[in-house]
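Engineer: build me a model from this:
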Amino acid sequence: MENVCAQEVEDVLRKHPAVFDCALIGVEDQRFGEAVAAAIVLNPGASLSDEELIAYCRCSLPSDKKPRYVAFVDTLPHNVTGKIKKSVLREHAGELFRPIRGLCFRHTSFTSYILLLAETCPAGYITYSPPGILLFRRK
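Structural biologist: Got it, this is the predicted structure:
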């Protein structure tokens, strides 16, 4: 697995209308050794489900850069110059971050997942070709 540029992923997440601010760190993961974790501050009154986050990231990020863990927080820790203190997030990663629900494909939610992905990514279209391969194509 190659290194992930946190700034690149943070820039993509900040473009989501529900996201006010975010920070990325690497957390220990049984499957990958280390995985991307996103601490997200939502805009006032906004909501963002795991499924919406997954669909949004699928449109804009390659698979190895998508967050696999998430924490929705009220604020991010900053130092006196305004820089996010990622060391604080790393110290509390075990209690702060949780795996993103819905990363595994479930056949029961296939139709709603397709609709959510299509709504989130209007700049393309989706095709389904057996055996269970979902393709998203840009127009």
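Engineer: any chance you could map the helices in this protein?
Structural biologist: Counting by DSSP state H, the chain forms helices over residues 6-14, 50-60, 86-91, 93-96, 110-120, given from the N-terminal end onward.
Engineer: ok, and what's touching the first one?
Structural biologist: Read it as helix 6-14. Where contact means C-beta atoms under 8 Å, 6 or more residues apart in numbering, the residues beyond helix 6-14 that reach it are 19, 21-25, 36, 38, 40, 57, 60-61, 65, 67. From N, CA and C alone the C-beta is placed, and that goes for glycine too.
Engineer: go again with 10 Å.
Structural biologist: Residues lying outside helix 6-14 but in contact with it, judged by C-beta atoms under 10 Å, 6 or more residues apart in numbering, are 5, 19-26, 36, 38, 40, 48, 53, 56-57, 59-61, 65-67, 84, 86.
Engineer: gap between Ser87 and Asn79?
Structural biologist: Ser87 sits at a distance of 10 Å from Asn79 (criterion: C-beta to C-beta, to the nearest Å).
Engineer: swap in Val9?
Structural biologist: If you go by C-beta to C-beta, the gap between Val9 and Asn79 works out to 21 Å.
Engineer: these two: which has the busier surroundings?
Structural biologist: The residue with more neighbours, out of Val9 and Asn79, is Val9; 20 against 10, by other C-beta atoms under 10 Å.
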